[in-house]
Each structure stands twice: as structure tokens, then as C-alpha cells.
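Colleague: Fold the following for me, if possible:
(3 chains)
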Amino acid sequence: MQPVDGEGMPELPEVETVARALRPHLLGRRMTRVDVLTVKLRKPLASFKQKLADVLDKEIIKISRRAKYIVVEFAGMRVMLLHLGMSGSLKIVPGDVPAENHERIIWFFDDGRSLRFHDPRKFGLVDILPLQIPDSLPECLENLPPEPLGEHFSANYLYQLSRGRRRPIKSLIMDNSFVVGVGNIYASESLFRAGIDPLSPAGKLTLPRYQQLVQAIRQVLQEAIAAGGTTISDFSGVDGSEGTFARHLNVYGRAGKVCLTCNKAIILKTIIGGRSTFYCPHCQK
DNA sequence: AACACGTCCTGAGCGC
DNA sequence: TGCGCTCAGGACGTGT
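Modeller: As a prediction, this is how the structure comes out:
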């Protein structure tokens, strides 16, 4: 089983890694032209194409991340949102390199280089939105639930909102209406680190267990960011372009193998909320 | 053929 | 019966 190889594995740490990697390439640049090579990604691209005029030849002044969105801010109170979906990846290449198969959008810049959005499954998203205040976020991102690495995400927060809910804890932490950015791999890994059975009803877990869980989520995400994500391949000219977190995975993709912690139980796989879920029946109760 | 790292939508099922 | 909430499941292209 090779669930984490290949290119693109866009969970929060990968998106953060991409946003950081883009900065030295794109800050201060201006887009001279954009080629849109497909009619739709997750949504039709017609309105995106129309709004491109708002950002063409405007200086890129900031690149950030909110949830799994990359936010590119231009002079003139506009941002461009990029979401990689399930299979999206970005790379910087010289502008005259021919488009590869599955490249959906190409941005050309004033230094002769280009940004390529490669997305076989077309689950990605791009949009251009107005800003009310410079150096801020568009409204649709401003009002999102807390970042898992932010100050508003706490054990008490999760504990309170989980009361009375019977759904499995893994499903709750992956629900973007409660906390953003915790994807399928890191949800399994965080629950393993916290020693919590992913099938536990969320409303039954005590506050101390949520303290363990929040700490685990933060640690796992921070370590993955420090490792450069799990895989950001072919990101030319960027140091440490190969993410190395895959080798730190304890349960994800390890069904049938011996648990690396207890060295005794076999990692199990189940389906929660339609998503593959891996756990150690001995270490997670 | 089954399954894949994300989101969005639908509708079934529940308590009141 | 109806209302609102919760939650599971499917849909969305394509590749392996």
C-alpha cells in the first residue's frame, strides 16, 4: 500500500509549505497573462476569467494561508484564492515550458517565469475576491472556524461543542464547521498520538481527553510543517522540496502492520464518515 | 476494481 | 405533522 506517495497531499501542513515556498518566487511579481486550460475545476471558471482583469499587472504583496486556502494578495484590494482539492499541486517553471497533461491554469509573470496548477481530478478551486482592508482576508475566510494552530482552538472549545453529539470523534475534528484544516491523514495520526479511539462518540469524551487531543493535533501539524509536509514534489528551485513527514506516520496506511508503539497489536482500518481510518486497538481506547 | 490527501449537497432519522 | 438539528453517504474527474 502506498497511500502517501506521488505528488500532492494537500492537507494543512502541505498547504502551509506551499504558501511559504511560493513567497520568494511571487512576492513583488506581477502577472502578465493567465492561461485557463479547462472550463471548470470544482466550479466553473468563467467568472474567475472575468475577474482576472482586476489583478493583471498588479504587484503581489502578500501570500498567506487560511484553512487549506492559499491567499495571494495584490495591490489594489484584491486577493486570489487557491485551493488544491484532493489532487492539486503547484510548481514554478520557466514561462516557455509547454503545458503538461492535467495542468489546468498557468500564470505568467513579469520575470519570465510561470506558476502551474496541476490537478488531475479537478477538485481544486481558484477565485478572485475583493478586500475591505489591505493586509486582511476576504470575508468568506475571515468568518471560518478556528485554525487548529491558532489561539482560539482549545480543549474547552472542542469539549463544549461536542456535548450531546454522538458522532465519532474523528468525524468531528474533520468537520470544517468546527475546526478547519484537519484532514484525513492527520486526523488519524492525531488520535493515535492522543491515545483516543477514533470511533469514540465525541460527546462522551472528557475535558482531559480533549486536552490530550488538542495538544496532539497541534504537535502533529507542527511537526509535519517542520518536515515540509508529506510530499511537495517537483517544486523547482525551492529548498527542501521533498516533504519528509511520510516516514513519521504511525498508523495512516499501515493496516495489517504491527503498531510501532506497542509493538504488539495490529493496526486496523475502518471507515468513518466515508473515509479510511487507521488506528491501534491497543494504544487507542 | 477498489480506492484516493477535500468539500459540498441531499435527505434520512431523530427529539421536541 | 412539522421544524430544526445531526450526521451518513454520495457526487464531483482521473489515476493507480
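Colleague: Show me how chain A divides into domains.
Modeller: With automatic domain parsing serving as the domain definition, the record reports that chain A contains domains spanning A:12-142, A:155-279.
Colleague: would JSON lines of these with mean pLDDT, distance to residue A:148 and mean neighbour count be doable?
Modeller: In this view, the C-beta of every residue, glycine as well, is placed from N, C-alpha and C. Formatted as JSON lines, the domains of chain A follow (pLDDT from 0 to 100; distance: least, C-beta to C-beta, whole Å; neighbours: other C-beta atoms under 10 Å):
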{"stretch": "domain A:12-142", "mean pLDDT": "96", "distance to residue A:148": "7", "mean neighbour count": "17"}
{"stretch": "domain A:155-279", "mean pLDDT": "89", "distance to residue A:148": "5", "mean neighbour count": "18"}
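Colleague: Take these and lay them out in TSV including distance to residue A:149.
Modeller: Formatted as TSV, those follow (distance: least, C-beta to C-beta, whole Å):
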stretch	distance to residue A:149
domain A:12-142	8
domain A:155-279	6
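Colleague: and those as TSV, adding distance to DNA strand B?
Modeller: Listed next are the domains of chain A as TSV, based on distance: least, C-beta to the nearest atom of the strand, whole Å:
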stretch	distance to DNA strand B
domain A:12-142	4
domain A:155-279	2
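Colleague: Those: which one's closest to residue A:285?
Modeller: For the domains of chain A, proximity to residue A:285 was assessed by C-beta to C-beta; domain A:155-279 is nearest, at 5.6 Å.
Colleague: Quote the end-to-end distance of that closest one.
Modeller: Using C-alpha to C-alpha, to the nearest Å, the end-to-end distance of domain A:155-279 comes to 22 Å.
Colleague: Mind jotting down where the strands sit in the stretch 151-285 of chain A?
Modeller: Along the stretch 151-285 of chain A, counting by DSSP state E, counting those that start in this stretch, strands occupy A:268-272, A:275-279.
Colleague: how about those strands, which one is nearest DNA strand C?
Modeller: strand A:268-272 (6.8 Å; C-beta to the nearest atom of the strand).
Colleague: still on that earlier bit, could the strands of the stretch 151-285 of chain A be laid out in CSV, adding distance to residue A:243?
Modeller: Converted to CSV, those look like this (distance: least, C-beta to C-beta, whole Å):
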stretch, distance to residue A:243
strand A:268-272, 23
strand A:275-279, 19
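Colleague: can you list those strands in JSON lines and add distance to DNA strand C?
Modeller: JSON lines is the format used below for those (distance: least, C-beta to the nearest atom of the strand, whole Å):
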{"stretch": "strand A:268-272", "distance to DNA strand C": "7"}
{"stretch": "strand A:275-279", "distance to DNA strand C": "9"}
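Colleague: Which one of the ones you listed lies nearest to residue A:17?
Modeller: Nearest to residue A:17, of those and by C-beta to C-beta, is strand A:275-279 at 22.4 Å.
Colleague: angle of the closest one against strand A:268-272?
Modeller: With axes from the mean of the first three to the mean of the last three C-alpha atoms, to 10 degrees applied, the angle from strand A:275-279 to strand A:268-272 works out at 140 degrees.
Colleague: Show me what strand A:275-279 is packed against.
Modeller: Packing contacts for strand A:275-279, counted by 3 or more C-beta pairs under 8 Å, 6 or more residues apart in numbering; DSSP states H and E, involve helix A:184-194, strand A:268-272.
Colleague: Distance to residue A:228 for these - can I get that in JSON lines?
Modeller: What follows is those, written out as JSON lines (distance: least, C-beta to C-beta, whole Å):
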{"stretch": "helix A:184-194", "distance to residue A:228": "15"}
{"stretch": "strand A:268-272", "distance to residue A:228": "27"}
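Colleague: These: which one's closest to residue A:173?
Modeller: Using C-beta to C-beta, the nearest of these to residue A:173 is helix A:184-194, at 5.6 Å.
Colleague: would residue A:105 count as being in a strand?
Modeller: Yes - counting by DSSP: H, G, I helix; E, B strand; the rest coil, one finds residue A:105 located in a strand.
Colleague: Leaving aside the residues adjacent along the chain, what's closest to it?
Modeller: Excluding the flanking residues, the one nearest residue A:105 by C-beta to C-beta, 6 or more residues apart in numbering is residue A:117, at 4.3 Å.
Colleague: Phi, psi for the one you found please.
Modeller: The phi/psi pair for residue A:117 (degrees, to the nearest 10) reads phi -100, psi 110.
Colleague: and the stretch 151-285 of chain A, which residues reach DNA strand C?
Modeller: Residues of the stretch 151-285 of chain A lying close to DNA strand C (C-beta under 7 Å from any atom of the strand) are A:164-168, A:171-172, A:202-203, A:271, A:273-274.
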